[in-house]
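Asker: okay, structure incoming, though there's no sequence with it:
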């Protein structure tokens, strides 16, 4: 798989594969064709040779058969049988004439003695015994004609083969034989003529071998009767039986030859045709050579192209790939690579072109990158602040850096005056900055033109530009020759323009304009952000201040904490409660702050447990704990709540500490009031009910005086009840501020006595009244004054005991009258002296009637005294109790005024 | 038989006189005091059969007086008060008062309560019965009112004693509030379920080893109580 990928990745391999794809089938076809054609050619050649051999064999056979037939016929002649020399001479000469291939016809005797031969010739062998001849031996065994092996005829001294016909008598007696020597030369001549016919085929050899593999016929007579192995490789001894075949073998000279043999079947001779394979298969070999040359040519050409392609195309492309990748990734290119590229870039072809364009691209990418980096840097610098002035300064700084100018400015609409002024500048003269005020309607101003056109406007040379004629004075005085204005696309900020100045004529390039325009977008964003932030910041600050003031002024403590329970915010009250400075509070843990507050708890452990519960529990998140704050008992309600963000995810906790002492006090007062009032009302009711039921009882008959006594008690108690009800009403009027007193002269002595009488003194009680003489008249409300005194006397009697001495004293003190009611009882504990007047409330919840027995009474007293513009207090005394009050002597107007003041004061106290 | 001696304590003269006159006319001997200190002085000098106490009084209130009396005596105590709230009553019962009258009240009511309280007190006086009731670890000798729990003798007020005896006699049965009140306190009673709550609570404190998980005195919510022996 990887290899395949490699193939796909490598252009060289791909090209090679393509080339092979084209070449290999071609070469295979060539080889197959070569093979097929080679075989065909070889078969043709072999068939040709075989047919030639067969033809020669046939011819030879015919000629031999003729000879055999001739000797057979001769043997049938009686002259021959009888070995009649004359007859034989005639017959043989005839036969000789008709068979030119014969050079000797002869007759052997049965014992093998030459009887006669024709022509008789010079070297006659008549009489010679030829019985050693192999053909003689053979003739003894057969009655058919045959051909003998080749040999040298002693008679003619020529190589011959003999056609032999044995002669048998009618009774089977061997009578000798007739032989005819066939000239082997004649056979050779035939072969030579055949060979000459095939002269064009060089190296063709034709030979006839006899059964003992002697060369019987050969174009070169010198080889006659030589063993076949002299001429041919030793190959035919074994192949003689078949019907002819071909074989390739090396000859004695080690040249490859094609040997074809055909048997002359009747006489067991063979014809052999041989030729060098180079000649026989010339066509095939040529074809093979062509194929080889073609294949090598393809391989060479392929290699050549491959090399060219590798060195000239693929190599450079491969080199280029990582470099272009590096360029794309903005990686630095090594010097070596760069040199390589430069070398390649010198090429004139497409590769050179490609590399040149890549180098150009690299350069431009580098430039663009650098530009972008600068822009990014400047933008980042510009937007890194939200303070408008800082933003403007940074814009100028970056502008001058970006465009490499020394002078630049930001012009913005002064919304108050409706003109454009320099908002910030760099390198410009102070007078120019202060003087410059462009009217929005001014047509020649580059600034206004840029704003209207919403694109960059520039003047390359103020001296030559016709549009700048009217403003030339300005440019001359400030000393600039080129100016460019780029408008900022602002929505929330006033219209703004960036200005760039050049001291010499300057042709602003497209790149510069583009750069400043892009920068202007960033600058606009930064200015907008700063303006918006300034606005929101102001609003937020105002809101925060308001909230802060509100929260700080709250009487309730507020702690906001993060999820790690660190205090994020705590108001003044928390600091007071925990006795911590704001600095200590910041960053403290809620736990430690609470621990400081709870240190004042009446039951610290319980309070801590309860607070732990509200922090851990999800449900009940309020708890009240009792504290002592600066020595006073107080109730503090703690309430926790979760602080969530906009997605309702909890980001912290809040804790409100509310001082509910007043509420609890009020609750206590209310329930105490009810129970006290009910108690006070039940007391006279108990008397009434008791006596009424006494009178109604069936089992006892009361005497009349008792009945009257009971009824008078009932009446008194009823009066007491109604006066109580009236007093309660008065009290509620005082509370509501609607009590109206009458102002008439009070007879002090008379009032005191009436009060004492109503106070139901015990028999043992003594009352002493002492009034300072010559007192001015007291203007007041006599029934209320009487009530005050009665209540005080009653209390004194009750607490002083049944034999108490009660003393009422009235003295003048400046413009007040001071009343003192004292007894000789156990006195009032100092810690109670402040509280006993606090309406009728049983503050300590004790049922002991030390103060509260008179609770309602003293409260009523205080109410009435205050209504008169006076005040009431417990006067410290060595023994017994003394309650004093003062009433102002002055008139009704003052009274009313002081009443109001007191009333308000009372309210203040309670609050 | 000597006249029954009653100590009446109230800081309001009309009320004190009303009680005194009515009791005297019916043959009781009455001592009066106007505050707790006086009352203690009288109580310590002459034996009384019954104390009638106001709560809100100067110098020493009725509850404190009750507490001091109970330190030395099981004399029946009836509280008179204008404080009608249940918390007040419960506190009074906790201190060991026998009954509670809320002002205003009539003569009949007063006399009925006095009789009932005295009757209970009378029942708790020693009798000649040799009977002995044993339930679990609790053993009561009726002859001398001795109550022993796990071998320890405990002190009970007459009402506590009567309540315990009644519950023990009917051990295993659920007794309704009204029935208990009428049997133990008297026929005049029946609606004062809070009396029971207080007394059962005090009995549990005295006889149960774990008052929060009682073994003997079981509450049948909304019905009454049951003693398991």
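Answerer: Everything's here; your move. Given the structure is predicted, the values throughout are model-derived calculations rather than measurements.

Asker: next one: phi and psi at residue A:807?
Answerer: Recorded main-chain torsions at residue A:807 are phi -130, psi 130, according to degrees, to the nearest 10.

Asker: that one touches residue A:800, doesn't it?
Answerer: No - because the distance of 10.0 Å does not satisfy C-beta atoms under 8 Å, residue A:807 is recorded as not touching residue A:800. C-beta: built from backbone N, CA, C; applies to glycine.

Asker: which one of those two is surrounded by more residues?
Answerer: More neighbours sit around residue A:800 than around the other of residue A:807 and residue A:800, counting by other C-beta atoms under 10 Å in any protein chain shown; the figures are 24 against 19.

Asker: the host helix or strand of residue A:297: which residues count as buried?
Answerer: With elements delineated by DSSP states H and E, residue A:297 resides in helix A:282-308, which encompasses its position. Of all the residues in helix A:282-308, those buried under the rule 16 or more other C-beta atoms under 10 Å in any protein chain shown are A:284, A:287, A:288, A:291, A:298, A:302.

Asker: returning to that earlier point: anything in contact with each of residue A:807 and residue A:800?
Answerer: Residues within reach of residue A:807 and of residue A:800 at once, by C-beta atoms under 8 Å, 6 or more residues apart in numbering or on different chains, are residue A:823.

Asker: other SSEs contacting the helix holding residue A:297?
Answerer: Judged by 3 or more C-beta pairs under 8 Å, 6 or more residues apart in numbering or on different chains; DSSP states H and E, the packing partners of helix A:282-308 are helix A:11-76.

Asker: give me the average confidence score over the helix it packs on.
Answerer: Averaging the model's pLDDT scores along helix A:11-76 yields 83.

Asker: then stretch A:865-877?
Answerer: Confidence for stretch A:865-877, expressed as mean pLDDT, is 86.

Asker: distance from the chain centre to it, please.
Answerer: Relative to its chain's centre, stretch A:865-877 lies at 85 Å (C-alpha atoms, centre = their mean, to the nearest Å).

Asker: ok, stretch A:449-461 next?
Answerer: 44 Å.

Asker: how about stretch A:799-810?
Answerer: Relative to where its chain is centred, stretch A:799-810 has its mean C-alpha point 98 Å off (C-alpha atoms, centre = their mean).

Asker: can it be found next to chain B?
Answerer: Yes - applying C-beta under 8 Å from any C-beta of the partner chain, one finds stretch A:799-810 in contact with chain B at A:799, A:802.

Asker: contact partners of that stretch?
Answerer: Under the criterion C-beta under 8 Å, 6+ apart, external residues in contact with stretch A:799-810 comprise A:748, A:752, A:756, A:761-772, A:775, A:789, A:793, A:796-797, A:817-826, A:850, A:854, A:880-881, B:34, B:58-59.

Asker: ok, now stretch A:132-152?
Answerer: Counting by C-beta under 8 Å, 6+ apart, the neighbours of stretch A:132-152 from elsewhere in the structure are A:64, A:67-69, A:71-72, A:75, A:108, A:112, A:130, A:158-166, A:168, A:174, A:177, A:179, A:182, A:184, A:210-212, A:214-216, A:224-225, A:267, A:269.

Asker: in the lengthiest strand in chain A, what's buried?
Answerer: Of all segments of type strand in chain A, defined using DSSP state E, the longest is strand A:632-644. Residues A:634, A:635, A:636, A:637, A:638, A:640 are the ones in strand A:632-644 that count as buried (16+ other C-beta under 10 Å).
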